[in-house]
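A.B. asks: Let's see this in three dimensions:
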Amino acid sequence: MMRNGLFWLAIAALLVSLPGFASAAAVPALAGSAAAQTPVKVIVTVGEQASVEIPAKLRQGQTFVPFRAFIAALGGKVSWDDRTSSANATLDGSTAAITAGASKFVFNGEQYLLSQPSWMSVGTLYVPLRSVSLAIGASIAASGSPLTVRVHYERAEQEQESLDERLAHLMQAVFEHHDELMDGIGVMPLSGDVVNGQVWIQIRSYGDVERKLGDAELAAVRAAMYRIAGEEFPLILDVAECCTRDPDIVGVVEKVDTTRKVIEVSGEIRGIKQELPFSVSLYEDAKLIVDGTIVKPVFTEEMVGKTIRAWETGVRTMAYRAVKVELD
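C.D. replies: Numbering: from 1, shown residues only. Model (predicted):
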């Protein structure tokens, strides 16, 4: 037994003395192992905002960061495509894309060579920080021990929305939710405009078209529009009252178009004789009176030849829209 032990000791000594054997035995863990991915501190600052620290790893002498966390810290968003193992990002109107294991980073359609390929770790895509930072226009500086890397990014200047543009968006929101005003308060917005830093909206009573809107109703309308828009804004309400003036339309019904739900009228519009017949339609809540009786607001063939008096709102599409029509 002693002789055999001495034999193996001699063999081991011989192997150690061979060229390359000792260095091979001392090779560290493979790149990408936990030992190679030494933690490093990365701090991201955007403009004047507070700094954000994101996770990072030091691999083969370079700092890598999770792509999603990095873009999010800059104020962007990232989506992942499992089919292609690629990430797509948006940042200040710019686009970026990178594939796991790729050596190139695409930013706004241009390709940038990475110092090292991206890689995956536990479902997270890591990218070389310096290469990606420089491609998107961020500055980067490293210092200290342990290593601290600071990234600074200035967001692209965006054109400020003018006051009139902002008011126009608020007004649009009101008109997009007109059902809330009609069903909740009994008011229909007819038309609107932005003039000299103020929103002008014309409204009328809905349901009972001849109902007069008092101060309490107008205050409720104003409050509802502010709630829909999400904020208060300079607002002028113009109330279009029905039927307190002479009829807008006077004439004779020449034809009834049941498909288009309109009547063709020969006569006058606001006192001006029309050379050609014109169309009149009804709002869904319009008041239609035939021979002194209130009827369902639908035109029928029996109305041909009757005289007409109608009050309209001034809002015209393919026909003059009436809120009240009297036929006899």
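A.B. asks: what about the strands in the stretch 51-200 of the chain?
C.D. replies: 52-54, 57-59, 62-66, 77-81, 86-91, 94-99, 104-107, 110-113, 119-121, 124-128, 139-143, 148-153, 187-195, 198-205 (DSSP state E, counting those that start in this stretch).
A.B. asks: What residues of the last one count as buried?
C.D. replies: The one in question is strand 198-205. Within strand 198-205, the residues that qualify as buried are 199-205, counting by 16 or more other CB atoms under 10 Å. Placement of C-beta: from N, CA and C, glycine included.
A.B. asks: following it, which helix or strand comes up?
C.D. replies: helix 215-229 (DSSP states H and E).
A.B. asks: what pLDDT, on average, does that following helix get?
C.D. replies: Mean pLDDT, helix 215-229: 94.
A.B. asks: try stretch 121-134
C.D. replies: Stretch 121-134 comes out at a mean pLDDT of 93.
A.B. asks: first to last residue in that stretch, what's the distance?
C.D. replies: Across stretch 121-134, the terminal residues are separated by 23 Å (CA to CA, to the nearest Å).
A.B. asks: same deal with stretch 221-241?
C.D. replies: Note: stretch 221-241 ends 15 Å apart using CA to CA.
A.B. asks: now the longest strand anywhere in the chain, how far from the chain's geometric center?
C.D. replies: As assigned by DSSP state E, the longest strand anywhere in the chain is strand 278-290. Centroid separation for strand 278-290 versus its chain: 38 Å, with CA atoms, centre = their mean, to the nearest Å.
A.B. asks: So which elements touch it?
C.D. replies: strand 262-269, strand 293-295, strand 307-316, strand 320-327 (3 or more CB pairs under 8 Å, 6 or more residues apart in numbering; DSSP states H and E).
A.B. asks: For residue 142, find the nearest of those strands.
C.D. replies: Closest to residue 142 of the helices and strands packed on strand 278-290, according to CB to CB: strand 307-316, at 65.2 Å.
A.B. asks: Mind giving me the packing neighbours of that closest one?
C.D. replies: strand 187-195, strand 249-257, strand 262-269, strand 278-290, strand 320-327.
A.B. asks: Adding mean pLDDT and mean neighbour count, write these out as TSV.
C.D. replies: Output for these, formatted as TSV (pLDDT from 0 to 100; neighbours: other CB atoms under 10 Å):
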stretch	mean pLDDT	mean neighbour count
strand 187-195	93	18
strand 249-257	96	17
strand 262-269	95	20
strand 278-290	95	18
strand 320-327	94	22
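A.B. asks: Residue 50: which of the ones you listed is closest?
C.D. replies: strand 187-195 (36.7 Å).
A.B. asks: The closest one versus strand 320-327: what angle between them?
C.D. replies: On the basis of axes from the mean of the first three to the mean of the last three CA atoms, to 10 degrees, strand 187-195 is oriented at 140 degrees to strand 320-327.
A.B. asks: would you turn the helices and strands packed on strand 278-290 into JSON lines with distance to residue 140?
C.D. replies: Listed next are these as JSON lines, based on distance: least, CB to CB, whole Å:
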{"stretch": "strand 262-269", "distance to residue 140": "69"}
{"stretch": "strand 293-295", "distance to residue 140": "77"}
{"stretch": "strand 307-316", "distance to residue 140": "59"}
{"stretch": "strand 320-327", "distance to residue 140": "63"}
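A.B. asks: Relative to residue 163, tell me which of those strands wins on proximity.
C.D. replies: That would be strand 307-316 among the helices and strands packed on strand 278-290, by CB to CB, at 26.4 Å.
A.B. asks: how about the closest one: buried residues?
C.D. replies: 308-313.
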